[in-house]
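Colleague: predicted structure and sequence below. I'll ask about it afterward.
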Protein chains: 2
Amino acid sequence: MLIGSIEAGGTKFVCAVGNEDYQVQDKISFPTTTPDETLAKTRDYFKQFQLDALGVASFGPIEIRKSSPKYGYVTNTPKAGWRDTNFIGQLKRTINVPMAWTTDVNGSAYGEYVMANLANEKLDSLVYYTIGTGVGAGAVIDGNFLGSAGHPEMGHTFVKRHPDDLQFKGVCPFHGDCLEGLVSGPTFEARLGQKGETVPADHPVWDIMAYYIAQAALQATLIIRPDKIVFGGGVVSPALLEKVRQQFTTLLNDYIELPPLSQYLVRPVVANNGSATLGNFALGYKELTR
Amino acid sequence: MLIGSIEAGGTKFVCAVGNEDYQVQDKISFPTTTPDETLAKTRDYFKQFQLDALGVASFGPIEIRKSSPKYGYVTNTPKAGWRDTNFIGQLKRTINVPMAWTTDVNGSAYGEYVMANLANEKLDSLVYYTIGTGVGAGAVIDGNFLGSAGHPEMGHTFVKRHPDDLQFKGVCPFHGDCLEGLVSGPTFEARLGQKGETVPADHPVWDIMAYYIAQAALQATLIIRPDKIVFGGGVVSPALLEKVRQQFTTLLNDYIELPPLSQYLVRPVVANNGSATLGNFALGYKELTR
Ligand SMILES: Nc1ncnc2c1ncn2[C@@H]1O[C@H](COP(=O)(O)OP(=O)(O)O)[C@@H](O)[C@H]1O
Ligand SMILES: Nc1ncnc2c1ncn2[C@@H]1O[C@H](COP(=O)(O)OP(=O)(O)O)[C@@H](O)[C@H]1O
Ligand SMILES: [Zn+2]
Ligand SMILES: [Zn+2]
């Protein structure tokens, strides 16, 4: 059996094929340019293979309601040229296999969920946050994605501001100081005029970041009550995550019982940003057996 | 067919019996005293009837995981005497019918969900907030409750503080200025030294309340993506809810598409706090047909 995966990011596409054991057999990556060019390249890539199913995880916002005439579209994205793109429709010109369609973060969430369960963690639910160029999250509950009217946009909730950060306006073009406006990668340039990669570990900005990310984890915890929260994306280093756990402990103040935070607030199990590819294999496979 | 309902609140218990059309046939209410006394009264009440099933919605926190040896317990509640009470166990001494067990707010959420669907609203999901003595919320998604590791505690997330309210420390004994600490009924006494009922409609505190409640609605919206959010509880008058809709519109800034807010952020359909009783009938009935 051969299952395809498309991880459609705002800067690059990653296409891969694998088998029902989620082993990657081939993988390529190319920059995201125009929809026509990028999706043609995608179709060309998969022409080489006899796919049985395909899982697609895309940047958003996307239409996920099967009842909508725009199911399979990237909708009102700020990404130039991609607004109202019939993503799945363009694939179907040449690819005629069952297809799963979800958000990039849902793809990653599903990959982490499947891997945890393969490793016998027995999770019923999992939330996956990415904190990178943007902030987003997906959630899997009993094998299904959270969100019926649309997919979650957890990166745009508001949080209590840190007392040492009150002057910072935030970088979200829609909301200013929503979560994404306060903790996405570009906030380092906005706050300090330098990239996050170059900020020393003892800089106070890390405590500010951890304070906000801990509140995001608290929102997901108290609203969804998941079994585990995974943090991917370039911003969340192990050192930052440890600070997040500390702030989370202080903020939660033992209000509910949770697993040890070293098992509850974690980095991805799948290395090298591979969660989504793996999740896509599993989602494609699921379409086949539906 | 006769279905029982127990709405176990921190100040009073409401017990009722109804039929499979959710019509109330008898109802009583008595103060919540000690667990032994209150649950004996409850058993006595139902002795009069030949129940087929029972739905129980209780104040919390409660244990809802069927796999737990404490399933059916009220757990670490601050309510005097009720910590670690085997609620369902005490009922089972004399009541031997299928029983549903969930939180008070889940019971209300389910009642609103069932009524909306009976009225042909075709909801897949609904969130019910109560803003009264405390703040809590429950969510129904495709007929099931949100929360696998435990039930939601949405009343204890943090929000961005209002610029005119920065001095107020909040009243939550666990978190200070979490949502409950900022918008529950007792915050009127804490902020103004008078009960909410007596505060004039043009007082600026209503804008502060609306700002926070709108952020709660935004968290639920962006995290769960429900079809509808219902606000019950003594604090949320129609006038306050209208202010909430205005603040919500400003904060969301058209980031996602939603139904008209007059249909999306609403008061309960069921009058006189009856949502939970009705939800309990439906949940009891569901146990029977499971
Ligand atoms: N070690 C780091 N510390 C803080 N920020 C980082 C670090 N490494 C990368 N970033 C920031 O993360 C963002 C990229 O996130 P990433 O998850 O790698 O990609 P994307 O979100 O675009 O898929 C950039 O803004 C980058 O500056
Ligand atoms: N019109 C009102 N405006 C503001 N607060 C109110 C109003 N009516 C009642 N309250 C407050 O709501 C709280 C009671 O909430 P309620 O939902 O009626 O009960 P409970 O949460 O205890 O079940 C009290 O703190 C009361 O002061
Ligand atoms: Zn935003
Ligand atoms: Zn609290």
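Modeller: In hand now; what should we look at? Numbering: from 1, shown residues only, chains lettered A, B, ... in the order given. Ligands and ions are numbered 1, 2, ... in the order given.
Colleague: other residues contacting stretch A:167-180?
Modeller: For stretch A:167-180, the external contacting residues (C-beta atoms under 8 Å, 6 or more residues apart in numbering or on different chains) are A:78, A:134-136, A:154-159, A:161, A:181-182, A:184, A:186-187, A:190-191, A:212, A:215-216, B:160, B:251, B:253-255. Backbone N, C-alpha and C define where each C-beta goes, glycine included.
Colleague: so which of these belong to helices?
Modeller: Per DSSP state H, helices hold the following members of the contacts of stretch A:167-180: A:181-182, A:186-187, A:190-191, A:212, A:215-216, B:251.
Colleague: got TSV for the residues you listed, with pLDDT too?
Modeller: Output for the ones in helices among the contacts of stretch A:167-180, formatted as TSV (pLDDT from 0 to 100):
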residue	pLDDT
A:181	98
A:182	98
A:186	98
A:187	98
A:190	98
A:191	98
A:212	99
A:215	98
A:216	98
B:251	98
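Colleague: who wins for neighbours among these?
Modeller: Using other C-beta atoms under 10 Å in any protein chain shown as the neighbour criterion, residue A:182 leads those with 30 neighbours.
Colleague: state the pLDDT value of the residue of the stretch 51-200 of chain A found nearest ligand 4.
Modeller: Going by C-beta to the ion, ligand 4 is nearest to residue A:160 of the stretch 51-200 of chain A, at 12.1 Å. On pLDDT, residue A:160 comes in at 98.
Colleague: next, count neighbours for the residue nearest to residue A:248 when sequence neighbours are not counted.
Modeller: Nearest residue to residue A:248, sequence neighbours excluded (C-beta to C-beta, 6 or more residues apart in numbering or on different chains): residue A:214, at 4.1 Å. Using other C-beta under 10 Å, residue A:214 has 23 other residues around it.
Colleague: quick one: residue A:214 and residue A:242 touch, right?
Modeller: No: if you go by C-beta atoms under 8 Å, residue A:214 and residue A:242 don't touch, sitting 11.2 Å apart.
Colleague: ok, now which ones touch the residue of the stretch 151-290 of chain A found nearest ligand 4?
Modeller: With C-beta to the ion as the measure, residue A:255 is the residue of the stretch 151-290 of chain A nearest to ligand 4, at 6.6 Å. Listed by C-beta under 8 Å, 6+ apart, the contact partners of residue A:255 are B:153, B:156, B:174-175.
Colleague: also near ligand 1: which of the contacts of stretch A:167-180, exactly?
Modeller: residue A:186 (C-beta under 6 Å from any ligand atom).
Colleague: and the residue in the stretch 1-150 of chain A that ligand 1 sits nearest to, what does it touch?
Modeller: With C-beta to the nearest ligand atom as the measure, residue A:132 is the residue of the stretch 1-150 of chain A nearest to ligand 1, at 2.3 Å. Shown in contact with residue A:132 (C-beta under 8 Å, 6+ apart): A:184-185, A:232-235.
Colleague: what is the neighbour count of the residue lying closest to it once chain neighbours are set aside?
Modeller: Closest residue in space to residue A:132, ignoring its immediate chain neighbours: residue A:233 at 3.6 Å, by C-beta to C-beta, 6+ apart. Neighbour count for residue A:233, taken as other C-beta under 10 Å: 21.
Colleague: now residue A:53
Modeller: Applying other C-beta under 10 Å, we find 24 other residues in the vicinity of residue A:53.
Colleague: check contacts around the nearest residue to residue A:172 once chain neighbours are set aside.
Modeller: Nearest residue to residue A:172, sequence neighbours excluded (C-beta to C-beta, 6+ apart): residue A:181, at 3.3 Å. For residue A:181, the contact set (C-beta under 8 Å, 6+ apart) comprises A:169-172, A:175, A:187.
Colleague: ranking these by neighbours, who comes first?
Modeller: Neighbour counts for the contacts of residue A:181 (other C-beta under 10 Å) peak at residue A:187, which has 25 neighbours.
Colleague: quick one, phi/psi of the residue nearest the centre of chain A?
Modeller: With distances taken as C-alpha atoms, centre = their mean, the residue of chain A nearest its centroid is residue A:105 (2.1 Å). Torsion angles at residue A:105 (phi, psi; degrees, to the nearest 10) stand at phi -70, psi -30.
Colleague: thought it was touching residue A:134?
Modeller: No: with contact defined as C-beta under 8 Å, residue A:105 does not count as touching residue A:134 (9.8 Å).
Colleague: what ranges does chain A have for its helices?
Modeller: A:35-47, A:87-92, A:104-118, A:179-183, A:186-192, A:205-224, A:238-252, A:261-264, A:275-288.
Colleague: let me have those helices in JSON lines, extended by distance to residue B:62.
Modeller: As requested, those are exported to JSON lines (distance: least, C-beta to C-beta, whole Å):
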{"stretch": "helix A:35-47", "distance to residue B:62": "49"}
{"stretch": "helix A:87-92", "distance to residue B:62": "43"}
{"stretch": "helix A:104-118", "distance to residue B:62": "26"}
{"stretch": "helix A:179-183", "distance to residue B:62": "30"}
{"stretch": "helix A:186-192", "distance to residue B:62": "40"}
{"stretch": "helix A:205-224", "distance to residue B:62": "15"}
{"stretch": "helix A:238-252", "distance to residue B:62": "19"}
{"stretch": "helix A:261-264", "distance to residue B:62": "21"}
{"stretch": "helix A:275-288", "distance to residue B:62": "33"}
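Colleague: for the stretch 51-200 of chain A, what lies in contact range of ligand 3?
Modeller: Residues of the stretch 51-200 of chain A lying near ligand 3 by C-beta under 5 Å from the ion: A:156, A:172, A:174-175, A:178, A:180.
Colleague: from those, which is closest to residue A:268?
Modeller: Closest approach between these and residue A:268, by C-beta to C-beta: residue A:180, at 19.6 Å.
Colleague: report how many residues lie close to residue A:95.
Modeller: Using other C-beta under 10 Å, residue A:95 is surrounded by 19 other residues.
Colleague: skipping its backbone neighbours, what lies nearest it in space?
Modeller: Distances taken as C-beta to C-beta, 6+ apart place residue A:46 nearest to residue A:95, at 5.8 Å, with adjacent residues excluded.
Colleague: neighbour-wise, which of the contacts of residue A:132 leads?
Modeller: Compared across the contacts of residue A:132, residue A:184 has the highest neighbour count, 26 neighbours, by other C-beta under 10 Å.
Colleague: quick one: contacts for that one?
Modeller: With the criterion set at C-beta under 8 Å, 6+ apart, residue A:184 makes contact with A:131-135, A:155, A:171-172, A:235.
Colleague: can I get those in CSV with distance to residue A:271 and pLDDT?
Modeller: What follows is these, written out as CSV (distance: C-beta to C-beta, whole Å; pLDDT from 0 to 100):
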residue, distance to residue A:271, pLDDT
A:131, 18, 98
A:132, 16, 96
A:133, 20, 95
A:134, 22, 96
A:135, 22, 98
A:155, 24, 98
A:171, 29, 98
A:172, 30, 97
A:235, 18, 98
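Colleague: from those, which is closest to residue A:25?
Modeller: For the contacts of residue A:184, the nearest to residue A:25 is residue A:132 (27.0 Å; C-beta to C-beta).
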